[in-house]
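Engineer: Provide a 3D model corresponding to the input given below.
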Amino acid sequence: MAHDFPLSGDTGQPHGPLGPTRGEVLAAVEARLLTTFGEPSGRAAITFLGAERIEVLRFGPDAEGLVRYATLGMAAAPMADPTAAIADPVRGPRAELLLTLRGARDDVLRALATFAATPQVEGLVVAPGSSLDLGGPLWAGAAFTSVLAGEGGTGVVADLELDEPADPVVFLPLLPMTPNEAAHKRVRGAAALRERWLEAGTDLRDPQRRGVALD
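Structural biologist: Numbers count the residues shown, from 1 in each chain. Prediction:
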């Protein structure tokens, strides 16, 4: 039900002389999500100290029982290389995060907002193969404490082109990891972990799945 999450308000529109404004980017991102999934069944907004507000939209459950949580706000500004002397306000990778689960786990919204705020708060660039660690369960009772960012452009939501010179927005699927899986990824790499999941026929959307067997 839509009122399960508190309603959010205006997104704000700070902008520069070139490229789309923050408000234009967020409006385009939300439109792409609604075109793909329909009207959200819930939404919430969280603000972290030193960062712009991040929203989390919930879609579903659909006919297969899948619930999707999508961030809205991470793509408002490009992610900057932490080694760059000056951050480009227009050019650079932009992304939003998408988590798909079998059944709702609404308390995951804070974890998603935390991950989405990472580029602003910690100056990190989140890309396919990146690990994001919460340091605790992703939701109450979860066996997962971190996520692996999957490939954008090949998932449910297509990349969103923005007016030049801005880079497109990529919607990165998040794959929950147990602590052991996260450790395996750190040592062997993301491709090795994905291969283990594939060999085991792991349903990464199952919120109650067990960790895959590892060496």
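Engineer: Secondary structure class of the closest residue to residue 87 other than its chain neighbours, three-state.
Structural biologist: Distances taken as C-beta to C-beta, 6 or more residues apart in numbering place residue 80 nearest to residue 87, at 3.7 Å, with adjacent residues excluded. All C-beta atoms are positioned from the backbone trio N, CA, C, and that covers glycine. Counting by DSSP: H, G, I helix; E, B strand; the rest coil, the backbone at residue 80 sits in coil.
Engineer: cool, and residue 96?
Structural biologist: Residue 96 ends up strand, using three-state DSSP.
Engineer: Could you count how many residues lie near it?
Structural biologist: 28 (other C-beta atoms under 10 Å).
Engineer: So which residue is dead centre in this structure?
Structural biologist: Most central residue of the chain, judged by C-alpha distance to the mean C-alpha position with C-alpha atoms, centre = their mean, is residue 97 at 1.6 Å.
Engineer: Now do the contacts for the closest residue to that one other than its chain neighbours.
Structural biologist: Spatial nearest neighbour of residue 97, chain neighbours left out: residue 71 (4.5 Å); criterion: C-beta to C-beta, 6+ apart. Residues near residue 71 by C-beta atoms under 8 Å, 6 or more residues apart in numbering: 54, 55, 56, 57, 96, 97, 98, 112, 113, 115, 116.
Engineer: Neighbouring strands of the helix or strand in which residue 71 is found in the sheet, and parallel or not?
Structural biologist: Element membership for residue 71, per DSSP states H and E: strand 66-72. Strand 66-72 sits in its sheet next to strand 54-59 (antiparallel), strand 94-102 (antiparallel), going by DSSP bridges.
Engineer: Check what contacts stretch 150-167 and list those residues.
Structural biologist: 18-20, 25, 28-29, 32-33, 36, 68, 70, 75, 78, 90-95, 98, 100, 128, 168-175.
Engineer: mind checking the end-to-end distance for it?
Structural biologist: 19 Å (C-alpha to C-alpha, to the nearest Å).
Engineer: Before I go, just wanted to say thanks for your time.
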